[in-house]
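Undergrad: test case, fold it:
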Amino acid sequence: MKTLYLDCSMGAAGDMLAAALLELIPDADQFMEELNALGIPDILVKKETSVKCGITGTHVCVSINGEEEESHDVHDKHDHFAHDHHEHDSHEHDHNHNHNHSHHHSGLHDIEHIVRGHLNLPQKIQDDVMAVYTLIAEAESKAHGRPVTEIHFHEVGTMDAIADIVAVCLLMNRISPDKVVVSPVHVGSGQVRCAHGILPVPAPATAHILQNVPIYGGSIKGELCTPTGAALLKYFADSFGEMPIMQTTAIGYGMGKKDFEAANCVRAMLGETVSIQEEVCELSCNVDDMTAEAVGFATEQLFKDGALDVYTVSIGMKKSRPGILIHVMCREADRETILKSIFKHTTTIGIRETKLHRYVLDRSIQTLDTPYGSVRCKISSGYGVERKKYEYDDLARIAKERNISLSEAEDLISNL
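TA: Coordinates of the predicted model:
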C-alpha cells in the first residue's frame, strides 16, 4: 500500500508541508511553474534550498507584489484572521504594515470566489481547498463565538494562505497515497501575543481543529502549528500515530525559517507499507466428554485471556466416539497463560503446539458521527485490497432503536 507518513515533531505550517511534499516528486521545478501559472492574485511562489541542523531541505517562500511576507510566528508563516492572528514582532516588521497595498478583509465566500472562479483548478482540487478553508473558518467561528459568515481573513494573508493550501492539495493529488499517517503533532508551548491580547499555545482555533488528534507541548516556547497547518493535517490524515512499518521510496524535508536546537522542518516519507507478518502459536486438544455449554464457556474465557482466535471442529475419536477438536491461536508472549487457561477450562489432559506465520491486513477503527449516534467502522487494508465493516453492536443498537432489520440499519449508515 502506497503510504505517506508526515513527521510533525516540529509542528506544521502550510508552507512547510508544501515544501516537504514538493521534495517527493521528481518534477518539482515544473510543478512550481504550473503553480505560478494558476494566477493567484499578486502571488509568486518560489522554492529555495535550506539547511537546518545540517539537514538540507526545501523552503517555499511566497512573495506578494514582489515582497515576501515576513516571519510572524515561531515558524515563518502566519494565518491572517481578522479575529485571531498574531501581532508582528517589532524587530521584524513595521506595525504600520507598510506594504504597497492596504489590508482588506475577505470572508469564506470571497475565498470560494477566488478558488472556484479565478483559478484554473480541477474540481477535486477546488473541493479540497474549500474543505480545508471551511475547517479553519469553522474553528475560528467556534473560538470567537461568531457565525462562520462573520469570519474574515486579511487580504494579504488570504493570498499567502491560498498559495500554501492550493500547493499542498495539488501535491497530495499528484502523489496520490493510499494512506496518510501523521505523527503526534508538536504544537509548542507558552503564550503568544495576538491582536486582542495574549493567548495560550496552541491558539484557540488551532486547538479546535486539532481536537481528537494526538498533540503535545514540548519545551519550545511559541506556536509551532498554525491553523492552516492543522487544517491540512486534519483534512488529509487517515490516521495519527507512530510511523508504520514501511519501505520508503522518497523522503522530503520542508523547512521553516527560524533556527532551533532541533531541525525546524516537516519530514514527509513516502513508501510501501510492509504487510504485517507475525509468528503465532496454535494450541490444540481433543475432548470427548464436554457439553456444548462447557465448550462455549471455555471459548469465552480463552478470548478473555488473550487468545487471537478460538474455533472448534467435530471429529471422530477412538472407540467411535464423537469428539471436538479445539484450536486456540495466540501470540508467543501469551502462550503460558493460554496453556493454563486451556487446562483450567477444558477436560483435556494434553495439548499440542504448532508454530505458524500469520499474515493480516492493516486494521484501524474510524468512528463516524451520524444522525443515529456514533458508529464504528473497521477498515482493513493491504495486499491491494481495502474492506470496511460497520461494528455489529452499533448497527444492532440502531436496528433496535428504530425497529428495523440489521441490513436496513447498515443501509441507513451506508447511504449517508
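Undergrad: mind checking how far the most centrally placed residue in the chain is from Thr3?
TA: The central residue of the chain, meaning the one whose C-alpha is nearest the mean C-alpha position (CA atoms, centre = their mean), is Ala237 at 2.6 Å. In this structure, Ala237 and Thr3 are separated by 12 Å, where distance is defined by CB to CB, to the nearest Å. Placement of C-beta: from N, CA and C, glycine included.
Undergrad: just Val185 next, same as before
TA: 18 Å.
Undergrad: for this protein, longest strand please?
TA: In the chain, assigned by DSSP state E, the strand with the most residues is strand 276-287.
Undergrad: which other helices and strands does that one contact?
TA: Counting contacts by 3 or more CB pairs under 8 Å, 6 or more residues apart in numbering; DSSP states H and E, strand 276-287 packs against strand 322-331, helix 335-345, strand 352-360.
Undergrad: lowest average confidence, helix or strand, in this protein?
TA: strand 152-154 (a mean of 58; mean pLDDT, DSSP states H and E).
Undergrad: which elements pack onto whatever helix or strand comes next after it?
TA: From strand 152-154 onward toward the C-terminus, using DSSP states H and E, the following helix or strand is helix 155-175. Applying 3+ CB pairs under 8 Å, 6+ apart, we find helix 155-175 packed against helix 14-22, helix 28-37, strand 43-52, strand 55-64, strand 105-107, helix 108-117, helix 123-144, helix 227-236.
Undergrad: enumerate every residue touching Ala298.
TA: Contacts for Ala298 were tallied using CB atoms under 8 Å, 6 or more residues apart in numbering; they are Met290, Ile326, Ile342, His345, Thr346.
Undergrad: hmm, what's the outermost residue in the protein?
TA: Max distance from the centre of the chain (CA atoms, centre = their mean): Lys319, 59.8 Å.
Undergrad: now that residue, what's its secondary structure?
TA: Reduced to three states with DSSP: H, G, I helix; E, B strand; the rest coil, the structure at Lys319 is helix.
Undergrad: so Lys389 is in which element?
TA: For Lys389, the element it lies in under DSSP H and E is strand 385-390.
Undergrad: if we can go back for a sec, now the residue nearest to the centre of the chain: closest residue in space that isn't a chain neighbour?
TA: Closest residue to Ala237 apart from its sequence neighbours, by CB to CB, 6 or more residues apart in numbering: Val182 at 4.3 Å.
Undergrad: from what I see, that neighbour and Leu4 are in contact.
TA: No. Counting by CB atoms under 8 Å, Val182 sits too far from Leu4 to count as a contact (9.0 Å).
Undergrad: quick one, which of these two is more surrounded?
TA: Set side by side, Val182 and Leu4 show more neighbours around Leu4, with 26 against 23, by other CB atoms under 10 Å.
Undergrad: so that one sits in a helix?
TA: No. Following the definition three-state DSSP, Leu4 is strand and is not counted among the residues of a helix.
Undergrad: correct me, but it touches Ser176?
TA: No. Contact status for Leu4 versus Ser176: not in contact, 9.4 Å apart, counting by CB under 8 Å.
Undergrad: for Ile379, give me its contacts.
TA: Arg363, Ser364, Ile365, Gln366, Glu386, Arg387, Lys388.
Undergrad: what about Glu272, which helix or strand?
TA: Per DSSP H and E, Glu272 falls inside strand 265-273.
Undergrad: by contact count, what packs against that strand?
TA: On a contact count with 3+ CB pairs under 8 Å, 6+ apart, strand 265-273 meets strand 2-7, helix 14-22, strand 246-255.
Undergrad: quick revisit: farthest pair in the contacts of Ala298?
TA: Longest distance between any two of these is 11.9 Å, between Met290 and Ile342; criterion CB to CB.
Undergrad: compare the two (neighbour count), which wins?
TA: Neighbours around Met290 and Ile342, counted as other CB under 10 Å, are more numerous at Ile342. The numbers are 23 against 18.
Undergrad: tell me which helix or strand Ala409 sits in.
TA: Secondary structure assigned from DSSP H and E places Ala409 in helix 406-414.
Undergrad: the closest residue in space to Val328 that isn't next to it in sequence bridge partners, please.
TA: The shortest distance from Val328 to any non-neighbouring residue, by CB to CB, 6+ apart, is to Leu283 (4.6 Å). Beta-bridge pairing of Leu283 under DSSP bridges involves Val328, Glu353.
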